[in-house]
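# Predicted model follows, preceded by the sequence.
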Amino acid sequence: MTVSAPVSHRRPAQRVRRHQSGSVLWSAVRTPRGAIGLVLTLFVVLVAVIGPFVAPNPPVALLTVDFGKPSAQFWLGSDVLGRDVLSRVLNGGWTLLIMAVCATALGIIGGAAAGIAAAYLRGASDGIIMRAVDVILAFPQLVFALLLLSLLGPKLWLITLAVGVSHAPQVARVLRSATLDVSERDFVKAAELQGMRPAKVMRKEILPNLVSPLMVEAGLRMTYSILIIAGLAFLGFGPQPPAANWGVMINENREGLALNPWAVVAPALLIALLTIGMNTFTDAFARVAIGVDRRPEQAALIEDIA
Amino acid sequence: MAVAAAPVRAVVPARARPIARLFRRRLAIGVLTLFLVSVVVFWATEVLPGNAAYALLGRNATPVRLRALEAVLHLNRGIFDQYWIWISGLLTGRPGQSLVSGLPVWGYVEPRLINSAVLVFVAGAIGALVGVSLGAIAALRKDGWFDHILSVVVLALTSLPEFVVAIALIILLSMVVWHVLPAVSLLPPGTYAWSQPELLVLPVATLVIVIVPYLLRMMRAAMIEALESDYVEMARLKGVPEWRVVLVHALPNAIAPTIQVIGLNFLYLAGGIVIVEDVFNFPGIGQALVDAVTDRDIPVIQFIVLVLAAFYVVMNILTDVIALLATPRRRIAR
């Protein structure tokens, strides 16, 4: 009985938890902030995903004069080499999105594993993991990515990897402090007394209780991934010309800002809408799920020093 | 960090000067972190597959040129030897020569370092001032129209990339709408930013716009908490005039937790200058880093990345110490 009781208690409890995190997501969508954020994000994602199929012209074809004004044929005018801006905008989002999603997933998985392990295992593992975190944190994220790109050149997989790795320490810190709370609870103690292995305790008992902070962190990291990857592309470290990419477009069309501002404004606007949408939705979710008017990383920072 | 703090918490009540002790501890961790950072930089730029000499020469790599360049970079020695030559050179103020121009790294980086420092501190100071005052005003007018408008604006601004803000400012202020300010700085490399202060306006404005929202949110939350506290109510009941309640009782207590965020902003600025300097062609280390990465100028990359990391570590220690000094409660709680 002593063995089966906690198990039978845990099952329904877990089901309730899953149900809750789903309903938290839903109630976040129903707040005005959440709805606006979701609509903006979905709009940009839709443009990026469907865009390549509906673009009127090939994105790399030289069709007309440089920096031509918008016309009936070219709705957003033409760019620095006389290519159709609308077609390039429609084609230029999906690499950014895929890279951002992969980098975010990498950072969240790596960071969560490190943070949970550090907080649950304590002792030497904690010390080593948190020192590694300190070291990576000492590099500004963009600078860390530039450092890794300096030797192998702007390979897309390397950019994704670099951004993912630079996310991990921040995720690890937030998840570490969240885990410290959870690992003191009775159900964790009960699982330990049953002789459950540490790896299984972390996966089955602790992780399901960290879904909310994990999702907030994922939203936040996704926003930063987009900022950094688009920023790198803007600096020239991303898809190489003539590839159509929002960051690249902003950079290459800057000189024609006075002639055809749309070549710069359209991609800039889409990136802005995407990050604003992601951030607004994450903010709404954080308010519903955690109930603080403060970003989780700041909360962690303040706790850190207090 | 909490790892290091744990033993302190146990010992400190018996000690006379917890701050000095904490400071020494943070300093030791900072030095250790910097050492590890230097190892990472060294490893990433010189030991990773595809060694630096090969990367630099690219397709022009003939065995002879490769070996000559390897000798210049000391790549033909053992790894520990290489690290020792590199780090001792750095610490004695001889970070080597640029592989592209052949000039000493220090002479190339120094004026840019000063320009970037000016940019970071001017933007950080203005940002702190604007953020703290707007946050305090928003808290005083909590749920009023000012507060509501500000919170929407802040939410939109928090997530904007620097280059989008910069482009918007260029469109607004120097190209399309008005023609007031120079869109790119034409400052020749090697000159200092203050010789033409108007060139600082747009880069500083961009950075301020990017850092203020964060700070404003924290300040607003801290100020609201302070205004709802018992001591403020006590002061009001005693009949202290309202301006005195706000400026003397609430404001200092709200600023203390915000110091952490001000420090965080300076840390952010260390990375934020890279894109902003590139957009405005501002001759600072951010622009130099982008150029060096494009040209694979390893000594310049190593030096600039280490400077930025050192700035981060030092700033982190300073912020923590100042934040502790500003909140006596926490000192005792330790």
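Right, received. Where do you want to start?
# surely residue A:69 meets residue A:77?
Yes - between residue A:69 and residue A:77 there is a contact at 5.3 Å, judged by C-beta atoms under 8 Å. The C-beta positions use only the backbone N, C-alpha and C, and glycine is treated the same way.
# what touches both of those two?
Both residue A:69 and residue A:77 are contacted by residue A:260, under the criterion C-beta atoms under 8 Å, 6 or more residues apart in numbering or on different chains.
# ok, which stretches of the stretch 51-200 of chain A are helices?
Assigned by DSSP state H, counting those that start in this stretch, the helices in the stretch 51-200 of chain A fall at A:85-91, A:94-121, A:123-137, A:141-152, A:156-182, A:186-193, A:198-200.
# Kindly report the same for the stretch 51-200 of chain B.
Using DSSP H, counting those that start in this stretch, the helices found in the stretch 51-200 of chain B span residues B:52-57, B:63-72, B:79-91, B:105-140, B:145-158, B:162-169, B:198-227.
# In JSON lines: these, plus mean pLDDT, distance to chain A and mean neighbour count.
Below are the helices of the stretch 51-200 of chain B laid out as JSON lines (pLDDT from 0 to 100; distance: least, C-beta to the nearest C-beta, whole Å; neighbours: other C-beta atoms under 10 Å in any protein chain shown):
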{"stretch": "helix B:52-57", "mean pLDDT": "59", "distance to chain A": "5", "mean neighbour count": "19"}
{"stretch": "helix B:63-72", "mean pLDDT": "69", "distance to chain A": "15", "mean neighbour count": "13"}
{"stretch": "helix B:79-91", "mean pLDDT": "76", "distance to chain A": "15", "mean neighbour count": "14"}
{"stretch": "helix B:105-140", "mean pLDDT": "86", "distance to chain A": "12", "mean neighbour count": "20"}
{"stretch": "helix B:145-158", "mean pLDDT": "81", "distance to chain A": "5", "mean neighbour count": "16"}
{"stretch": "helix B:162-169", "mean pLDDT": "86", "distance to chain A": "5", "mean neighbour count": "24"}
{"stretch": "helix B:198-227", "mean pLDDT": "84", "distance to chain A": "6", "mean neighbour count": "23"}
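# Just the C-alphas of stretch B:232-246, formatted as CSV.
Provided in CSV are the C-alpha atoms of stretch B:232-246 (Å, rounded to 0.1, in the frame of the first residue of the first chain):
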residue,chain,number,x,y,z
VAL,B,232,5.0,55.7,2.9
GLU,B,233,1.6,55.4,4.5
MET,B,234,3.2,56.3,7.9
ALA,B,235,4.8,59.3,6.4
ARG,B,236,1.6,60.5,4.8
LEU,B,237,-0.3,60.0,8.1
LYS,B,238,2.3,62.0,9.9
GLY,B,239,1.5,64.8,7.4
VAL,B,240,4.7,64.8,5.5
PRO,B,241,4.1,66.9,2.3
GLU,B,242,3.5,64.7,-0.8
TRP,B,243,6.5,65.8,-2.8
ARG,B,244,8.7,64.9,0.2
VAL,B,245,7.0,61.5,0.5
VAL,B,246,7.7,60.8,-3.2
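# Which positions within that stretch qualify as buried?
Going by neighbour count (16 or more other C-beta atoms under 10 Å in any protein chain shown), the buried part of stretch B:232-246 is B:232, B:235, B:245, B:246.
# Would you check which pair of the residues you listed lies furthest apart?
Distances among the buried residues of stretch B:232-246 were taken as C-beta to C-beta; the most separated pair is B:235 and B:246, at 9.9 Å.
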